[in-house]
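Colleague: just the structure for this:
(one chain, ligands or ions: 1)
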Amino acid sequence: MTPTDPIIQPAAHTADSASASGPTPSRRAFLARSGGTAAALALPAPFIHAQPAKLKVGMMLPSSGAFAALGTAINNGFKMAVAERGGKIGGREIEYFTVDDESNPAKAPENTNRLVQRDKVDVLVGTVHSGVALGMAKIARETGTLLLIPNAGADDITGPMCSPNIFRTSFSNWQPVHPLGKVMAERGHKTAVWISWKYAAGDESGASFKQGFERAGGKVVKELGLPFPNVEFQPLLAEIAALKPDAVACFFAGAGAAKFVADYAAAGLKDKIPLYGSGFLTDGVLQAVQAQAQGLMTTLHYADSLPSARDKEFRTRYAVAYKMQPDVYAVQGYDTGLVLAQAMEAVKGDFGNKQGLIKAMEGVKVDSPRGTWTMSKAHNPIQDIYLRRVEGEQNKYVSVAWKALADPARGCKLG
Ligand code: BEZ
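Modeller: Numbers count the residues shown, from 1 in each chain. Alright, predicted model coming up:
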């Protein structure tokens, strides 16, 4: 893993960095903004032809803890999209402010406020962990700050908490595993055990899997869990061995996923009880557990070998820039950059044109490495979900498990 960024180095996260943007008007809340154009008109004549103010982007991602590698990949992908535009979006350079959120929900309010209140960022980008994202979304709703979520799937954010200024470019927790239930039932499994971390992402993925599996005729016989980011899997693996279900389905991600795959194989279960998961189980971890992961089948909105020129080109460029292979997190970061860039271009860099920005993001059609996707009324991607199988160091594309799947977005009143 190479945490450095060979394309653009982010600005240091200091109070100086906030003030170094020159005569930029301080603009606290996205929805309350009067606009950069008006501010430019108020400047004395010699300044009229000055460069437009930099767009202040607050990157709140994990760079330590269980999801550190996921945060790095998102950061890389976002900056790659910006670099493809010569380092500018909508004609404006970007000033980055970064916070390591440690995937710690308890620190989410303080970390988010650092970016919103202290650094006065225009846009918040984050994060990976659903619990942290729920904290960010609460503050984004209260302050009107534009929030782009490049991973965390917490269903409520594009459900009852949905908001005009909050957009997700990744998935809802319901999305990737709903098709998994159907796939497993079609593969002849009648009973399954669900296992995951006990927090929003694990619980919501479990509920979605159960719904999909049982609608397709299967039965979830037991739901097992442990607190995030605990990786003491042994007692739960012993319980699975005793229950003898037809199959096991799970949600784990990052370093914990690698440990679960290794422990499942070491417990002698891999050849006895087939293991499935949402694709986070095997994305970004195959270098660590290639041997133990061979043949595992998962569902996700990305695969390593999609049959598209767009994906091949993206993968080549990413590998050249970062000296590592991209994964779903890199794609989500990249797409977040694409969505922001397209919206900024639509308003010609006028971040103050909030209605124009929102309209552009709502109407976005993203030419993504994962395949073209559109934004739902609740501001969540409508996208294909793929069935993948681990072969060598890749999550190989097998088939489209569900075409153009939209989250039910229960409780969202937008649109
Ligand atoms: C989540 O907490 O929403 C999450 C974390 C890692 C991968 C996928 C989802």
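Colleague: for the stretch 301-415 of the chain, which segments count as helices?
Modeller: Here the stretch 301-415 of the chain has its helices, by DSSP state H, counting those that start in this stretch, at 309-322, 328-346, 354-362.
Colleague: point out the most buried one among those helices.
Modeller: helix 328-346 (a mean of 25; mean count of other Cβ atoms under 10 Å). Every residue, glycine included, has its C-beta placed from N, CA and C.
Colleague: phi, psi of Ala249?
Modeller: Dihedral pair for Ala249: phi -120, psi 150, per degrees, to the nearest 10.
Colleague: residue contacts, it?
Modeller: 177, 180-181, 184, 192-195, 209, 213, 275-277 (Cβ atoms under 8 Å, 6 or more residues apart in numbering).
Colleague: which ones among these lie within helices?
Modeller: If you go by DSSP state H, the contacts of Ala249 have Val177, Leu180, Gly181, Met184, Phe209, Phe213 in helices.
Colleague: and the last one, what does it touch?
Modeller: Phe213 sits next to Leu180, Gly181, Lys182, Met184, Ala185, Ala192, Lys219, Val220, Ala249 when contact means Cβ under 8 Å, 6+ apart.
Colleague: show me the beta-bridge partners of the closest residue to the last one other than its chain neighbours.
Modeller: On the basis of Cβ to Cβ, 6 or more residues apart in numbering, the spatially nearest residue to Ala249 that is not a chain neighbour turns out to be Tyr276, at 4.7 Å. When bridges are assigned using DSSP bridges, the partners listed for Tyr276 are Ala249, Met297.
Colleague: go ahead and confirm Tyr276 touches Gly181.
Modeller: No - if you go by Cβ atoms under 8 Å, Tyr276 and Gly181 don't touch, sitting 9.6 Å apart.
Colleague: what about stretch 147-158, distance to the chain center?
Modeller: 7 Å (Cα atoms, centre = their mean, to the nearest Å).
Colleague: lowest average confidence, helix or strand, in the chain?
Modeller: helix 15-19 (a mean of 30; mean pLDDT, DSSP states H and E).
Colleague: tell me which parts of this protein are close to the ligand?
Modeller: Residues of the chain lying close to the ligand (Cβ under 6 Å from any ligand atom) are Phe67, Val128, His129, Ser130, Asn151, Ala152, Gly153, Ala201, Ala253, Phe280.
Colleague: mind listing which of those are in helices?
Modeller: Using DSSP H, these in helices are Ser130, Ala201.
Colleague: can I get the residues of the chain next to the ligand in CSV with neighbour count and distance to Ala83?
Modeller: Putting the residues of the chain next to the ligand into CSV (neighbours: other Cβ atoms under 10 Å; distance: Cβ to Cβ, whole Å) gives the following:
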residue, neighbour count, distance to Ala83
Phe67, 29, 24
Val128, 31, 22
His129, 33, 27
Ser130, 27, 29
Asn151, 29, 20
Ala152, 26, 24
Gly153, 30, 27
Ala201, 27, 30
Ala253, 32, 26
Phe280, 28, 26
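Colleague: tell me the one among the residues of the chain next to the ligand nearest to Ala137.
Modeller: Looking at the residues of the chain next to the ligand and their distance to Ala137, the nearest is Ala152, at 9.0 Å (Cβ to Cβ).
Colleague: I'd say that closest one and Thr127 touch.
Modeller: Yes - with contact defined as Cβ under 8 Å, Ala152 counts as touching Thr127 (5.7 Å).
Colleague: which pLDDT value goes with the residue positioned nearest the centre of the chain?
Modeller: Nearest to the geometric centre of the chain sits Asn151, at 1.3 Å (Cα atoms, centre = their mean). Looking at Asn151, its pLDDT stands at 98.
Colleague: surely it is in contact with Leu70?
Modeller: Yes - between Asn151 and Leu70 there is a contact under Cβ under 8 Å: 6.6 Å.
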